[in-house]
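S.K.: My questions concern the predicted model and sequence given below.
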Amino acid sequence: MHLSGGIVENVRKRPGMYCGDVGEYGLHHLVYFLLDVAYEEARRGECRDVVLEVGGDGSIALFCTSRTVTAENLVRVVTGAGFLGQPPGDGWGWDSMLVVSLGLSSRYQVDIWADGRQWRLMGEHGHPQGEGAAVTPMEPMPVSAERGVRVHFVPDATIFEVLAFDRARLSRRCNELAALAPGLRVSFADLQRGERTLWHLPGGVAQWAHVLTQARPHLHPEPIAFDFTWDGLRIQCALQWCEDADSTLLSFANTVRTVRHGAHVKGVTQALRGALAKLSGETRGAFPWDRVAQGLTAIVAVSGPRRQMAFAGPTKELLAIPGLEAAIRKQLQPLFIELLREHPVTPALLARRTSGSR
């Protein structure tokens, strides 16, 4: 336990090393860490519901129907067993970042429901107060389920310079989570205002693209969408062209927003441009991306084991998985060619070839 306690102290002494800073960015990452764990559980098929609540006291509560941990291992997990390379060994999906969210809190409460019982662990200033204790009578879970985990914490005002959560920002993150993990139900609640929103997008990124563009005139009725795998990774993309010139390109590696895009996006754009070149008898250069992308809302997402997510630089803004771009282009270009032969958007796209082309 001495080593675990040392991890909590390291997190509290150097918070910027673990969550970025002690301002708005770091504050929100305490929540993102928990949502990332829920996403990983959903990606593995181990979670179907997530409930995120922001309290009037500035607290955060996240519940998900993920795998649970035994009461005996709960203290080891919340104090950083993963940081020591000593996972609890019972297959719990929650990773080592839990110690950061709880370690930077003034108080916390973790509840586990499993096998018809409930266990609770309380903590202050990052440290557990005793061992997990059974809760009797068992309290109801936020949603009907056989198991669940609830993490409730208040960020420490002696550490963070900003304590107010941006409700709209957290709601958008829940929306992203529901789209990136198709079928997952994500509920976001602002308890102070009495507002609750449910995000459920079983159609994944294709449904999200439709939602994002539903108020705009479309060039084709439904988004063009593909979902395929390569080397243990899942690649999803959706494209919807509208009559106006506004364009949006969102890309993700698991839940990481790759704002500078990278190999996954380049593979999709090159495949599309190559398909248009093949259909028109032109070269790919006849279809510059800025012309093809006019009016386009596109979402490209790659999901898979974290160890396979390679980025260019420490900020994770640019995905750089070796071989991914070529693999996507190879798989996707024939699919684009077949789909676009008779697609209603094709004439408009072919008309965007540069002047001087046939």
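M.R.: Perfect, thanks for sending it.

S.K.: Format the CA atom coordinates belonging to stretch 321-331 as PDB.
M.R.: Coordinates of each C-alpha in stretch 321-331 appear next as PDB, following Å, rounded to 0.1, in the frame of the first residue of the first chain:
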ATOM      1  CA  ILE A 321      -0.100   4.500 -37.700                       C
ATOM      2  CA  PRO A 322       2.300   2.900 -40.100                       C
ATOM      3  CA  GLY A 323       0.600   1.400 -43.200                       C
ATOM      4  CA  LEU A 324      -2.900   2.700 -42.200                       C
ATOM      5  CA  GLU A 325      -3.200   5.200 -45.000                       C
ATOM      6  CA  ALA A 326      -2.300   2.700 -47.800                       C
ATOM      7  CA  ALA A 327      -4.600   0.100 -46.300                       C
ATOM      8  CA  ILE A 328      -7.600   2.400 -46.100                       C
ATOM      9  CA  ARG A 329      -7.000   3.600 -49.700                       C
ATOM     10  CA  LYS A 330      -6.600   0.000 -51.000                       C
ATOM     11  CA  GLN A 331      -9.800  -1.200 -49.300                       C
END
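
S.K.: how about that stretch: buried residues?
M.R.: Buried residues in stretch 321-331, counting neighbours by 16 or more other CB atoms under 10 Å, are found at 321, 324-325, 327-329, 331. All C-beta spots, glycine's among them, are computed from the backbone N, C-alpha and C.

S.K.: Run through who's touching that stretch.
M.R.: Applying CB atoms under 8 Å, 6 or more residues apart in numbering, the contact partners of stretch 321-331 are 228, 230-231, 233, 235, 262-264, 266-268, 270-271, 274, 302, 308-310.

S.K.: Go again with 6 Å.
M.R.: For stretch 321-331, contacts defined as CB atoms under 6 Å, 6 or more residues apart in numbering pick out 228, 230, 263, 266-267, 270-271, 310.

S.K.: Can you select the buried ones among the residues you listed for me in PyMOL?
M.R.: Buried residues within these, by 16+ other CB under 10 Å, are selected in PyMOL with:
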select buried, resi 230+263+266+267+270+271
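
S.K.: Dump the contacts of stretch 321-331 to JSON lines, plus secondary structure and pLDDT.
M.R.: Listed next are the contacts of stretch 321-331 as JSON lines, based on DSSP: H, G, I helix; E, B strand; the rest coil; pLDDT from 0 to 100:
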{"residue": "F228", "secondary structure": "strand", "pLDDT": "97"}
{"residue": "W230", "secondary structure": "strand", "pLDDT": "98"}
{"residue": "A263", "secondary structure": "helix", "pLDDT": "98"}
{"residue": "K266", "secondary structure": "helix", "pLDDT": "98"}
{"residue": "G267", "secondary structure": "helix", "pLDDT": "98"}
{"residue": "Q270", "secondary structure": "helix", "pLDDT": "98"}
{"residue": "A271", "secondary structure": "helix", "pLDDT": "98"}
{"residue": "A310", "secondary structure": "coil", "pLDDT": "96"}
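
S.K.: Could you export the buried residues of stretch 321-331 as JSON lines, including distance to Q294 and pLDDT?
M.R.: Converted to JSON lines, the buried residues of stretch 321-331 look like this (distance: CB to CB, whole Å; pLDDT from 0 to 100):
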{"residue": "I321", "distance to Q294": "29", "pLDDT": "98"}
{"residue": "L324", "distance to Q294": "26", "pLDDT": "98"}
{"residue": "E325", "distance to Q294": "23", "pLDDT": "98"}
{"residue": "A327", "distance to Q294": "28", "pLDDT": "98"}
{"residue": "I328", "distance to Q294": "22", "pLDDT": "98"}
{"residue": "R329", "distance to Q294": "22", "pLDDT": "98"}
{"residue": "Q331", "distance to Q294": "26", "pLDDT": "98"}
